[in-house]
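Peer 1: what's the 3D shape of this:
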Amino acid sequence: MLLDLKDLYGKEKELSNEKIILEGWVKNHRKQKEFGFIDFNDGTCFNNLQIVYDNSLDKFLDIQKIHIGCAVRVTGELVNSTGDKQAKELKLSDIEILGDCPIDYPIQPKRHTREFLREQAYLRPRTNLFNAVFRVRSVAAFAIHKYFQDRNYVYFHAPLITASDCEGAGEMFQVTTLDLEKIASGGQVLYDKDFFGKKTSLTVSGQLQAETFAMAYKKTYTFGPTFRAENSNTKTHASEFWMVEPEMAFCDLDGDMEVMEDMLKYVIKYVLDNCPKEMAFFNQFVEPGLLDKLNKLINSKFTRIDHEEVITILKKADVKWEFEPEYGEDIAKEHEKYITEYFDGPVFIKNWPKDIKAFYMKQNPDGKTVSAVDLEVPGAGELMGGSQREEDYDKLLARMKELGMNTSDLDWYLNLRRYGGCVHSGFGMGFERLLIYLTGVDNIRDVIPYPRCPKTCEY
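Peer 2: As a prediction, the model looks like this:
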């Protein structure tokens with residue numbers, strides 16, 4: 001019977017001495033004079049299967065010539081293993097090469113650096129590390145959808161091409177069909193002649209559009225790619241990354257934090273339950289103590305504290321800061337680390353200074369702060385950011401004018417406050433930031449299949 005390797009594990013007893021056919025790839029091939037061992041994997045699970053053969057087979061000499069990386073169809077019986085690394089192994093009766101592989105195949109059974117594997121990104125899912133990373137990515141993505149779908153959220157596909165800048169940062173990739181060479185040689189940019197008749201860009205966030213769906217469906221979420229034209233080469237920044245952005249009507253800041261905490265715990269537990277082999281691999285070879293860290297978060301009660309109180313704690317700390325904490329200002333990585341250690345767990349920092357946050361955030365009665373929140377987690381810092389959105393038309397309009405924004409381009413967004421507006425909140429989570437936290441793999445380039453970064457756009 002033709003099986004996937006995943007279907008074999010857990011059924012070893014009932015499949016013993018059955019004729020089994022598998023299709024996959026040779027991960028390693030250890031040859032002896034009278035016998036040999038092939039490490040086989042078909043991509044359906046993290047475990048390899050050891051295939052044993054000896055010189056009683058007519059094809060023995062041909063089998064010994066099979067290279068690492070070959071695609072093969074193997075036939076044999078599942079038997080008890082004589083080795084101590086596995087309980088069962090496949091005793092080979094026949095093997096067919098479906099796709100040969102030369103001896104200069106780059107992914108040999110040895111330790112490769114992550115830098116080297118980035119240069120071989122189209123092959124790196126065949127290594128143990130990246131096989132585990134991208135399976136966890138798949139399972140975590142499903143867990144996010146399952147969490148929201150099971151709770152009556154509507155999945156909203158945010159547009160990737162937009163004429164609005166949600167964050168007000170201006171660091172956006174332009175989309176155009178205009179002849180750039182003519183413009184570079186001194187020609188004028190005639191946006192009315194462009195494809196959309198106006199200046200357009202790749203989106204930095206689907207939040208503003210998602211709010212329109214929250215006003216119709218009550219609960220909605222986006223999950224898709226976003227783009228930032230930041231010339232940043234840190235381990236946590238990429239030019240193309242995926243964002244999860246829920247929006248909830250009739251939900252204030254406290255309700256927003258409840259969803260943030262509940263969703264994060266759900267996704268982490270789902271991955272731990274459904275990727276035990278991969279997570280054990282990360283715990284052993286990537287970040288020792290990873291499983292303890294994740295299980296501790298699942299069982300933690302997240303602290304909630306105002307930004308002003310955080311600054312007070314930081315100022316009183318017996319620490320020589322590289323960046324001195326100040327009221328009314330953002331906090332640095334070293335501050336995030338200290339706060340999560342101070343409270344020994346995840347921390348919601350809420351009610352941030354108005355002047356360092358986005359225009360759409362709910363203005364608090366003190367006139368100085370907004371109902372914004374960042375979630376800081378031990379070992380990673382900021383993982384999510386959200387806010388109660390400003391539902392008051394006049395206050396939102398005044399804030400936009402105060403910041404010098406073009407309100408006519410966002411009249412549709414303002415009108416949400418006029419046409420049955422209500423208290424509503426939402427948050428954003430960078431999916432790759434979550435994956436870094438889940439796997440212990442500390443570079444965003446290693447949790448995205450084909451990273452897009454400054455001067456990097458391969459494949």
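
Peer 1: which residues of the stretch 1-150 of the chain fall in helices?
Peer 2: 5-8, 12-15, 60-63, 114-119, 128-149 (DSSP state H, counting those that start in this stretch).

Peer 1: Counting by contacts, list what the first one packs against.
Peer 2: Helices and strands in packing contact with helix 5-8 are listed as strand 19-31; criterion 3 or more C-beta pairs under 8 Å, 6 or more residues apart in numbering; DSSP states H and E. In this view, the C-beta of every residue, glycine as well, is placed from N, C-alpha and C.

Peer 1: List of residues touching the worst-scoring helix or strand of the chain on mean pLDDT?
Peer 2: The least trusted helix or strand in the chain, going by mean pLDDT, DSSP states H and E, turns out to be helix 12-15, with a mean of 74. Contacts with helix 12-15, where a contact means C-beta atoms under 8 Å, 6 or more residues apart in numbering, come from 8, 78, 87, 88.

Peer 1: Please list only the buried members of these.
Peer 2: In the contacts of helix 12-15, burial by neighbour count holds for 8, 78, 88, counting by 16 or more other C-beta atoms under 10 Å.

Peer 1: TSV for the contacts of helix 12-15, including pLDDT and distance to residue 339?
Peer 2: Shown next, in TSV, are these (pLDDT from 0 to 100; distance: C-beta to C-beta, whole Å):
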residue	pLDDT	distance to residue 339
8	87	48
78	90	53
87	81	47
88	86	49
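
Peer 1: Return the subset of those lying in strands.
Peer 2: 78, 88 (DSSP state E).

Peer 1: what two of the contacts of helix 12-15 are the furthest from one another?
Peer 2: Using C-beta to C-beta, the contacts of helix 12-15 span at most 11.8 Å, a distance reached by 8 and 87.

Peer 1: What segments of the stretch 251-400 of the chain are strands?
Peer 2: In the stretch 251-400 of the chain, the strands defined using DSSP state E, counting those that start in this stretch lie at 303-306, 347-353, 369-377, 381-389.

Peer 1: of all those, which lies closest to residue 213?
Peer 2: Closest among those, using C-beta to C-beta: strand 381-389, at 13.2 Å.

Peer 1: that older thread, dump the C-alpha coordinates for the least confident helix or strand of the chain into CSV.
Peer 2: C-alpha atoms of helix 12-15 as CSV (Å, rounded to 0.1, in the frame of the first residue of the first chain):
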residue,chain,number,x,y,z
GLU,A,12,3.6,0.7,13.4
LYS,A,13,2.1,-2.3,15.1
GLU,A,14,-0.8,-2.9,12.6
LEU,A,15,1.5,-2.3,9.6
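
Peer 1: CSV please, covering the contacts of helix 12-15 and showing distance to residue 433.
Peer 2: As requested, the contacts of helix 12-15 are exported to CSV (distance: C-beta to C-beta, whole Å):
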residue, distance to residue 433
8, 35
78, 42
87, 38
88, 39
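
Peer 1: just curious, which of the contacts of helix 12-15 is nearest to residue 227?
Peer 2: For the contacts of helix 12-15, the nearest to residue 227 is residue 8 (41.9 Å; C-beta to C-beta).

Peer 1: tell me the contacts of the closest one?
Peer 2: 15, 20, 22, 49, 78.

Peer 1: try 7 Å
Peer 2: Contact partners of residue 8, counting by C-beta atoms under 7 Å, 6 or more residues apart in numbering, are residue 15.

Peer 1: cool, and residue 279?
Peer 2: Per C-beta under 7 Å, 6+ apart, neighbours of residue 279: 271, 272, 291.

Peer 1: what's the spacing between it and residue 334?
Peer 2: 29 Å (C-beta to C-beta, to the nearest Å).

Peer 1: Pull the number of nearby residues for residue 94.
Peer 2: Residues near residue 94, counting by other C-beta atoms under 10 Å, number 15.

Peer 1: Bridge partners for it, pull those for me.
Peer 2: residue 75 (DSSP bridges).

Peer 1: Quick check, pLDDT for it.
Peer 2: Residue 94 is assigned 96 on the pLDDT scale.

Peer 1: For it, give its distance to residue 137.
Peer 2: When residue 94 is compared with residue 137 (using C-beta to C-beta), they lie 36 Å apart.

Peer 1: Equivalent analysis for residue 226, please.
Peer 2: To residue 137, residue 226 is 16 Å away according to C-beta to C-beta.

Peer 1: Kindly list the main-chain dihedrals of residue 219?
Peer 2: Dihedral pair for residue 219: phi -130, psi 130, per degrees, to the nearest 10.

Peer 1: make that residue 234, sorry
Peer 2: According to degrees, to the nearest 10, residue 234 has phi -80, psi 170.

Peer 1: got the contact list for it?
Peer 2: Neighbours of residue 234 in contact, by C-beta under 7 Å, 6+ apart: none.

Peer 1: what about it, distance to residue 225?
Peer 2: Applying C-beta to C-beta to residue 234 and residue 225 gives a distance of 19 Å.

Peer 1: got the residue ranges for the helices in the stretch 251-400 of the chain?
Peer 2: 253-274, 276-285, 290-298, 307-316, 333-342, 393-402.

Peer 1: Switch the ones you listed over to TSV; also include mean pLDDT and distance to residue 37.
Peer 2: What follows is the helices of the stretch 251-400 of the chain, written out as TSV (pLDDT from 0 to 100; distance: least, C-beta to C-beta, whole Å):
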stretch	mean pLDDT	distance to residue 37
helix 253-274	98	30
helix 276-285	97	21
helix 290-298	97	30
helix 307-316	97	57
helix 333-342	96	46
helix 393-402	96	67
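
Peer 1: Between these, which one is closest to residue 3.
Peer 2: helix 276-285 (18.1 Å).

Peer 1: Same question for the closest one: list its buried residues.
Peer 2: So, applying 16+ other C-beta under 10 Å, buried residues of helix 276-285: 278, 279, 281, 282, 283.

Peer 1: go on, stretch 117-136?
Peer 2: Buried-residue list, stretch 117-136, by 16+ other C-beta under 10 Å: 117-118, 121, 124-127, 129-136.

Peer 1: how distant is it from the center of its chain?
Peer 2: 15 Å (C-alpha atoms, centre = their mean, to the nearest Å).

Peer 1: what does the average pLDDT come to for that stretch?
Peer 2: Mean predicted confidence for stretch 117-136 is 96.

Peer 1: between the strands of the stretch 251-400 of the chain, which one is nearest to residue 83?
Peer 2: Comparing the strands of the stretch 251-400 of the chain against residue 83 with C-beta to C-beta, the closest turns out to be strand 369-377 (40.6 Å).
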